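Q: no sequence on this one, just coordinates:
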């Protein structure tokens, strides 16, 4: 059986499971037992036979045409990025792993992050392993945003569960970028999945097969001794390192978040950004 077709079927099945009839304009009948959409409902919406759609979900038969994949994507209300992911699954164009066009790029990025003394910032690879982080991000994340840490793993520790008001949304977004950017057969991804499988919430979120979410978000963080502060997070693709992501945290000027960042920055001795090589020493 073709692994790419199996992956496509798993993806469509997972996305079907998280939709409700109301999401696609269908009435909810009395006594309905299926939480998500039924296969026949997706097939009808996509304009294909129920038997053909069943074979697609089971990964059987030939590769569906682009027209059929597009029709199913529309039936499942997939956005542009999620639809593109479906096409990548069957085209063999999934990312093959971290790629650096220039070996000194990480050092240049670390030097740049050093200059951002009042804004936490870090760079993560396709597995959301943090490869460079400035001192403010390191101290704000209490080590969870330091070089050598993993952004997704950090979200599932007790401190983040307790402190992030929008924990569910942030966890879903981080897991979605992991699925989107990491190659599904990479050894590092398998290692992460094994480590994170002890968390029931991670397993639940991973099984949704989300691959897109808000790149920018405002989240509320409960800070000891201060209370709730609002923090903006912006994510940027690093063009010189495909699959890598720059995350910058900021707060409204004059607000409690900005005061927290300023206080933390004043406690630092003016250190520099730390790269992964140094973090492992």
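A: Looks like it came in fine. In this text the structure is predicted, and so the values were computed from the model without any measurement.
Q: mind checking which helix or strand residue 41 is in?
A: Secondary structure assigned from DSSP states H and E places residue 41 in helix 39-46.
Q: list the buried ones in that helix?
A: Applying a neighbour-count criterion of 16 or more other Cβ atoms under 10 Å, one finds 39, 41-46 buried in helix 39-46. Heads up, the C-betas are built off the backbone N, CA and C, glycines and all.
Q: just stretch 230-249 next, same as before
A: Using 16+ other Cβ under 10 Å as the test for burial, stretch 230-249 gives 231, 233, 235, 238, 241-249.
Q: show me the contacts for the closest residue to residue 18 other than its chain neighbours.
A: Once flanking residues are discounted, residue 18 sits nearest to residue 208: 5.5 Å by Cβ to Cβ, 6 or more residues apart in numbering. If you count contacts by Cβ atoms under 8 Å, 6 or more residues apart in numbering, residue 208 has them with 14, 17-18, 172.
Q: distance between the ends of stretch 194-201?
A: 14 Å (Cα to Cα, to the nearest Å).
Q: state the mean pLDDT of it.
A: Stretch 194-201 shows a mean pLDDT of 96.
Q: centre of the chain to it, how far?
A: Put simply, stretch 194-201 sits 16 Å off its chain's centre (Cα atoms, centre = their mean, to the nearest Å).
Q: what's in contact with it?
A: With Cβ under 8 Å, 6+ apart as the criterion, stretch 194-201 contacts 152-153, 156, 171, 202-203, 206.
Q: with stretch 248-259 instead?
A: Residues from elsewhere that reach stretch 248-259, judged by Cβ under 8 Å, 6+ apart: 116, 119-121, 137, 140, 226-227, 229-234, 236, 260-261.
Q: of these, which belong to strands?
A: Counting by DSSP state E, these place 121, 227, 229-234, 236 in strands.
Q: pLDDT check: weakest of those?
A: Comparing pLDDT over the ones in strands among the contacts of stretch 248-259, the lowest reading goes to residue 227, 85.
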